Structures are given as C-alpha cells and as structure tokens.
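> prediction below, plus the sequence it came from.
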Amino acid sequence: MKTALITGANRSIGLEMTKQLSKKGLFVYLGSRDLAKGKAVVAELNQNGFENIKAIEIDVTKPESVLAAQKIVENEKGKLDILINNAGISGEFPQSALDTSINDIQNVFDTNFFGVISVTQAFLELLKKSESPRISNITSGLGSLTLHSDPNWKYYNFKATSYITSKAALNAYTITLAYELKDLPFKVNAIDPGYTATDFNHHSGPGTVESAATFIIKHTLTDENAPTGKFFSNDIEDSSEMSPW
C-alpha cells in the first residue's frame, strides 16, 4: 500500500484529495496545523466509509512541527511514496507592489514557498526509499509569468504582490528540484488546480473541489514515463507545454 502525505488537508481541495486517494487504496496522512481539527475530520471520514487515513500535525512554517511529522511517518511507515505540498495562504488584500509591507510578503512566502522547501527537504530521504516517489507542488496560474505578461489573459488585471510572487518562486523551485532529482525515479511537478470555489477565495471560483482534486491526482499518480519538471493547469489546455515562468 502506497503512502501519501498531504499538507493543508483538513478542508477544501486537500480534503477532497484525501478522499479520492483513500478510495484508490492509498494510506493518507491528512496534514493539519491543528491536530484536533484534523482528527475530527478523520473521524467524520471514517463514519462515511473512508479508510486508511490518519491525521498528522504539521505546520509548514515551523521546522519543529515538520520534523515531528517526519519522525511519525518514518517510525510508522519507513518511507513515503507521495508528497503533495498543498498548504497555502493568500495573504491580506489589497497587495500592491508599491506599498505592501515586507512583513506581509514574508508571511505569505513562509507558507507558500519556504514551507514547501522545509517539508520537501525533511521528507526527501523517506521519498528516496519509494520505488516511484512523487512530489506535487500545488501552485496557481496566477504564479505564471508567461500568463501575467499577456494582456489578453483573462486574469491579467489581477495582480497580487505577495501571492503571485510566492507561487512564481514555487514554480521556479519545482523546476530546480525536478532537475536535481532527474537521475532518480522521482516525478516532480507544479500543478494548478484551477480557479476553484473554496474557503480560500470565498467560494468565488467556477471550478469544483472534486474537479481540482481529480486533476491533481491525475498528474501525481503517474507511471515511469510521465514528465517531470512541468507545469499543469486545470484552467489551461496543453499547459504541460507552457513555461511556468
């Protein structure tokens, strides 16, 4: 049985991914900053027939929390097959390049960028023990420099200094990480679930969490011939051929 860890999984897309992976026969660590909330979610999932799910406390902005989670997985499973870096925040709005404070920008980067690096580095040795390790970094089309440079793009006028720069940095990190792991059986990709109706955006998006989770899992549960170091978007046709920067 393969084992997956999803950060920020106690609600929205992360929760839906947990459900879908459970149905596919994987063991899923449901990552949550608040362990009590995570356990409550797992209890409800169990009541609805979902199995092989365990809540694990992980705050990606706190190294001690990340390392504690890593020790749990190491002691219980000995390896990790799938890491989905899903935890993210949008930050306070508006986010002007002219006057958004450094503190506000750093706060978003701590979760969306540095948090991903912290978790990835902590779990890398456990992933190396898998026969087919997968790392999926959940990004956004808003982090694409290619799209944000196109005045004809439908979201061109949505500029958010903290959020889009953190996701652009995440895309660049994904490319670098994939390159450095290219001689191992890793597949490392940046995956955009699309503009999805969640608590994250006050349910303003047109997409569903079911569609978003299905798209992410499609590009995570891949075979040895699948690409690595790519950008996939649920909003953009043929996004695998588009540079994420």
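Okay, I see it.

> any idea of the pLDDT on the most centrally placed residue in the chain?
Geometric centre of the chain, nearest residue: residue 86, 2.5 Å, by CA atoms, centre = their mean. pLDDT recorded at residue 86 is 98.

> what sits against it?
Contact analysis of residue 86 by CB atoms under 8 Å, 6 or more residues apart in numbering lists 6, 7, 8, 9, 13, 14, 17, 31, 138. All C-beta atoms are positioned from the backbone trio N, CA, C, and that covers glycine.

> list just the nearest of these to residue 115.
The nearest member of those to residue 115, counting by CB to CB, is residue 7 at 7.7 Å.

> what number of residues lie near that closest one?
Residue 7: 27 surrounding residues under other CB atoms under 10 Å.

> do residue 38 as well
Applying other CB under 10 Å, we find 22 residues neighbouring residue 38.

> that one contacts residue 11, doesn't it?
No. In this structure, residue 38 is not within contact of residue 11 by CB atoms under 8 Å, at 10.1 Å.

> which elements pack onto the worst-scoring helix or strand of the chain on mean pLDDT?
Within the chain, confidence by mean pLDDT, DSSP states H and E is lowest for helix 145-148 among all helices and strands, at a mean of 88. Where contact means 3 or more CB pairs under 8 Å, 6 or more residues apart in numbering; DSSP states H and E, helix 145-148 is not packed against any helix or strand.

> buried sites along the lengthiest helix in the chain?
Longest helix of the chain, by residue count under DSSP state H: helix 161-180. For helix 161-180, a neighbour-count test (16 or more other CB atoms under 10 Å) marks 161-175, 177-178 as buried.

> what's in contact with the helix or strand following that helix?
Of the helices and strands lying after helix 161-180 in sequence (DSSP states H and E), the nearest is strand 187-192. Contact with strand 187-192 is made by 132-141, 143, 170-171, 174-175, 177-178, 181, 215-216, 219-220, 222, 226-236, 239, 244, as judged by CB under 8 Å, 6+ apart.

> from these, which land in strands?
Within the contacts of strand 187-192, residues falling in strands by DSSP state E are 134, 135, 136, 137, 138, 231, 232, 233.

> so can I have JSON lines of these showing neighbour count, distance to residue 149 and pLDDT?
Shown next, in JSON lines, are these (neighbours: other CB atoms under 10 Å; distance: CB to CB, whole Å; pLDDT from 0 to 100):
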{"residue": "134", "neighbour count": "24", "distance to residue 149": "30", "pLDDT": "98"}
{"residue": "135", "neighbour count": "26", "distance to residue 149": "27", "pLDDT": "99"}
{"residue": "136", "neighbour count": "26", "distance to residue 149": "25", "pLDDT": "98"}
{"residue": "137", "neighbour count": "27", "distance to residue 149": "22", "pLDDT": "98"}
{"residue": "138", "neighbour count": "25", "distance to residue 149": "23", "pLDDT": "98"}
{"residue": "231", "neighbour count": "25", "distance to residue 149": "15", "pLDDT": "94"}
{"residue": "232", "neighbour count": "23", "distance to residue 149": "20", "pLDDT": "94"}
{"residue": "233", "neighbour count": "23", "distance to residue 149": "16", "pLDDT": "92"}
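
> which of those residues sits closest to residue 70?
residue 135 (14.4 Å).

> distance check, the closest residue in space to the closest one that isn't next to it in sequence against residue 134.
Distances taken as CB to CB, 6 or more residues apart in numbering put residue 188 closest to residue 135, at 4.5 Å, once the chain neighbours are dropped. Distance, residue 188 to residue 134, using CB to CB, to the nearest Å: 8 Å.

> hang on, isn't residue 136 packed against residue 213?
No. In this structure, residue 136 is not within contact of residue 213 by CB under 8 Å, at 11.4 Å.
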